[in-house]
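In: predicted coordinates and the sequence they were generated for:
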Amino acid sequence: MGLARKRIGILTGGGDVPGLNAIIKTVTYRGSEDDIEVVGLRRGWEALTHLNLEDPASRSHYLIPLSRENTRTVDRHGGTMLHSSRTNPSKMKSLPDHLVGTDFPATTNANGETSWDLTGQVLANLSGLGIEHLIAIGGDDTLSYAARLNELGVEIIAIPKTMDNDVRNTEYCIGFSTAITRASDAIQRQRTTVGSHERIGIFRIFGRDAGFTALYTAYATSIRCVIPEYKVDLDKLIRLLIEEKRANPSNYALIVLSEGAEWEGYRPQEYGEPDAYGHRKKANVAEALADEIKRRSGEETIVSDLTYDLRSGDPDFIDKLVALTFGNMAYDAVLKGRTGLMSALVEGHYDLVPIPDAKLGPRKLDVASMYNTARYRPLYANKRGLPIFLNRAS
């Protein structure tokens, strides 16, 4: 009787970004060369909370054996062939049908809402599948649960992905470069419309807690920005925009705002039910700024929401390059039996670092070195000696 083949599991959680399929393909191809099985876990952590190992339909829904044949062309496209979800196994608002009546740790919040910790089920499914090592690809939320599994003894390697670029311990996350490329292209295209109507163009971009995406877009397009890390003076901001508009021969001005941007007297409004990690959707800060500009100055605006489009479509060169490299680093770490580590860029070099401590929250932009608080623009001077993405990992 032959020995069982080594088996690796791989999943993608949270929002999709371009470059995920390149990771999945490179891990699968490397595995095929070493006679290692690679199992795709569909819909992120949901695969391990909802999978019923006794039900063939459930296995078919949540598991996909990965091979050279079914991953051959996936890296040419964006999204994730494994699909995704925002599932938090430690705080499930409901139990899968086949687990109803099973005793799991439960907590009840102040509103009387109960949530269950299905970590025991996750561990049971990993064991039942014979997965010896897990590769988890995601942002802060997905990786926070990866860190918990590592503490419980699961062999796990993480890969950071988020267009917000705000995962700690790394200077780069998959999806960031494509987001900046898409945003820059959209702003350059819309200059013609904003200029034709002689207005102030206001662009909203993702960035709940950190301003990397807004600031780097502003850096590449030479416009102003507002970021969550710094509260601007609204009257001063409007004055600067109007001065710029009047000095422009085409009589227009542009600004990009993180979704979590604030100014004195304003905090982004939230609405809807919290997601699995407690996040509610933020009201459109660009619309709020447009209203204030109209009320305080009479100037007309055009508002454009640059959010979901930035994570759609094919990866650019940098995202594909880094995704392939992060995937290969994760696979190498698996071969060496390492755990609790994350592929990363540190000081411009590829490295393996600890999975971030979720209690520390997202990485923040360094305002002092990156943001001109007098002009509400990126700082362009004094970049010598910085890594390619201009901010250090810590």
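Out: Ah, there it is.

In: surely R30 touches Y331?
Out: Yes: taking C-beta atoms under 8 Å as the definition, R30 is a contact partner of Y331 at 4.7 Å. In short, each C-beta sits where N, CA and C put it, glycine included.

In: what sits against L99?
Out: 118, 121 (C-beta atoms under 8 Å, 6 or more residues apart in numbering).

In: how about stretch 83-95: buried residues?
Out: 83-92, 95 (16 or more other C-beta atoms under 10 Å).

In: ok, so of those residues, who is nearest G260?
Out: R86 (17.7 Å; C-beta to C-beta).

In: tell me how far the ends of stretch 364-378 are from each other?
Out: 15 Å (C-alpha to C-alpha, to the nearest Å).

In: what of stretch 131-147?
Out: End-to-end span of stretch 131-147 (C-alpha to C-alpha): 17 Å.

In: buried set for that stretch?
Out: Applying 16+ other C-beta under 10 Å to stretch 131-147 flags 131-147 as buried.

In: run through this protein and note the low-pLDDT ranges.
Out: 1-4, 271, 276 (pLDDT under 70).

In: quick check, central residue of it?
Out: T162 (2.0 Å; C-alpha atoms, centre = their mean).

In: who's in contact with the nearest residue to that one once chain neighbours are set aside?
Out: Spatial nearest neighbour of T162, chain neighbours left out: G139 (3.6 Å); criterion: C-beta to C-beta, 6 or more residues apart in numbering. Neighbouring residues of G139 by C-beta under 8 Å, 6+ apart: 13-15, 160-162, 164, 166-167, 173.

In: let's see it at 10 Å
Out: 13-15, 17, 160-167, 173-175, 277, 362 (C-beta atoms under 10 Å, 6 or more residues apart in numbering).

In: do the same with R5
Out: R5 touches 31, 34-37, 130, 132, counting by C-beta under 10 Å, 6+ apart.

In: could you pull out the strands in the stretch 201-350 of the chain for me?
Out: 224-226, 253-258, 270-271, 281-282, 301-306, 341-346, 349-354 (DSSP state E, counting those that start in this stretch).

In: same question for the stretch 1-150 of the chain.
Out: 7-12, 37-41, 63-66, 106-108, 114-116, 133-138.

In: just these: most buried one?
Out: Mean neighbours per residue, mean count of other C-beta atoms under 10 Å, is largest over the strands of the stretch 1-150 of the chain for strand 133-138, with a mean of 27.

In: which helices and strands does that one pack with?
Out: strand 7-12, helix 20-33, strand 37-41, helix 119-129, helix 140-151, strand 156-160, helix 317-335, strand 341-346 (3 or more C-beta pairs under 10 Å, 6 or more residues apart in numbering; DSSP states H and E).

In: any buried residues in the fourth one, and which?
Out: Within helix 119-129, the residues that qualify as buried are 119, 121-123, 125-126, 129, counting by 16+ other C-beta under 10 Å.

In: same list (these) but as TSV, adding distance to E69.
Out: As requested, the buried residues of helix 119-129 are exported to TSV (distance: C-beta to C-beta, whole Å):
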residue	distance to E69
T119	34
Q121	31
V122	29
L123	31
N125	26
L126	26
L129	21
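
In: how near is T142 to E54?
Out: Going from T142 to E54 by C-beta to C-beta, to the nearest Å gives 27 Å.

In: can you check D34 too?
Out: Counting by C-beta to C-beta - D34 and E54 are separated by 31 Å.

In: now do R280
Out: Taken as C-beta to C-beta, the span from R280 to E54 is 37 Å.

In: and these two? which has more neighbours close in?
Out: In this view R280 and E54 are compared by other C-beta atoms under 10 Å, and R280 has more residues nearby, 12 against 9.

In: in a markdown table: the strands of the stretch 1-150 of the chain, plus distance to H197.
Out: What follows is those, written out as a markdown table (distance: least, C-beta to C-beta, whole Å):
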| stretch | distance to H197 |
| --- | --- |
| strand 7-12 | 41 |
| strand 37-41 | 48 |
| strand 63-66 | 49 |
| strand 106-108 | 53 |
| strand 114-116 | 49 |
| strand 133-138 | 41 |
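
In: among those, which is nearest I238?
Out: strand 133-138 (38.3 Å).

In: show me what contacts the closest residue to G120 other than its chain neighbours?
Out: The shortest distance from G120 to any non-neighbouring residue, by C-beta to C-beta, 6+ apart, is to F104 (6.5 Å). Listed by C-beta under 10 Å, 6+ apart, the contact set of F104 reads 92, 95, 115-121.

In: can we see that at 7 Å?
Out: Contacts for F104 (C-beta atoms under 7 Å, 6 or more residues apart in numbering) come out as 116-118, 120.

In: D233 too?
Out: Contacts of D233 by C-beta under 7 Å, 6+ apart are E264.

In: neighbouring contacts of stretch 152-159?
Out: 23, 123, 126, 132-137, 143, 146, 149-150, 174, 326-327, 330, 333-334, 338-343, 355.
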